[in-house]
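> Need coordinates for the following:
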Amino acid sequence: MKLVPTTLSRHLVAISLAFVLAPAFANLGGDDSAEVTEPNFVQGKQALEAKEYAAAIPALKKALEIDKNNPDVHNYLGYAYRNTGDYDNAFKHYEQALALSPGHKAAHEYIGEAYLMKNDLAKAEDHLNKLRTICLTGCSEMSLLKEKIDQYKKKKS
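Residues are numbered from 1 along each chain as shown. Below you'll find the predicted structure:
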């Protein structure tokens, strides 16, 4: 007698594999990591939430002195610099965040938005495509960047 896998058994195997492999892929996104409680990081993040972008930069730079390899700090610094109009430093920090954590969803979203601000639609779309690969079932970062790209295209047409 020949056994034919049922749809249910295939799904159970897939779910089991997901549980086994999940820990290995848990930190690929960088922005999904545990909450950082370092005081300078917290202060910088609070300044960003209050839209005090220039005030966030010194605090985040201090946080970076403590942990140079933290992609979240680089991402937030990029965000702060972008919102103060310093695109060179913004791109530098977004790129560093992505070098440290290639799957960092927020960094892909933010750098894509920065490219739109610099009228580089192609590079923004590159980051949207990377988010499509990272967020197989969708994610807010992908949706937000797609929305910004759509708005950009409407303005330009």
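
> Give the residue spans of this protein that score low on pLDDT.
Residues of the chain that meet the criterion pLDDT under 70 lie in 1-36.

> middle-most residue in it, spatially?
residue 106 (2.0 Å; Cα atoms, centre = their mean).

> Look up which helix or strand it falls in, please.
Applying DSSP states H and E as the criterion places residue 106 in helix 105-117.

> Name the residues of that helix that come out as buried.
By 16 or more other Cβ atoms under 10 Å, the buried positions in helix 105-117 come out as 105-116. Every C-beta, even on glycine, is put in place using the N, C-alpha and C of the backbone.

> from those, which is closest to residue 151?
Taking Cβ to Cβ as the measure, residue 151 sits nearest to residue 116 out of the buried residues of helix 105-117, at 8.6 Å.

> My guess is that closest one contacts residue 149. True?
Yes: using Cβ atoms under 8 Å, residue 116 is in contact with residue 149, at 6.8 Å.

> helix, strand or coil for residue 137?
Recorded secondary structure, residue 137: coil (DSSP: H, G, I helix; E, B strand; the rest coil).

> Please read the previous query as pertaining to residue 37.
Of the three states, residue 37 takes coil according to three-state DSSP.

> and it, what does it touch?
Neighbour list for residue 37: empty [criterion: Cβ atoms under 8 Å, 6 or more residues apart in numbering].

> try the one 3 residues further on
The neighbourhood of residue 40, defined by Cβ under 8 Å, 6+ apart, consists of 59-60, 62-63, 66.

> cutoff 10 Å now
Residues near residue 40 by Cβ atoms under 10 Å, 6 or more residues apart in numbering: 58-67, 73.
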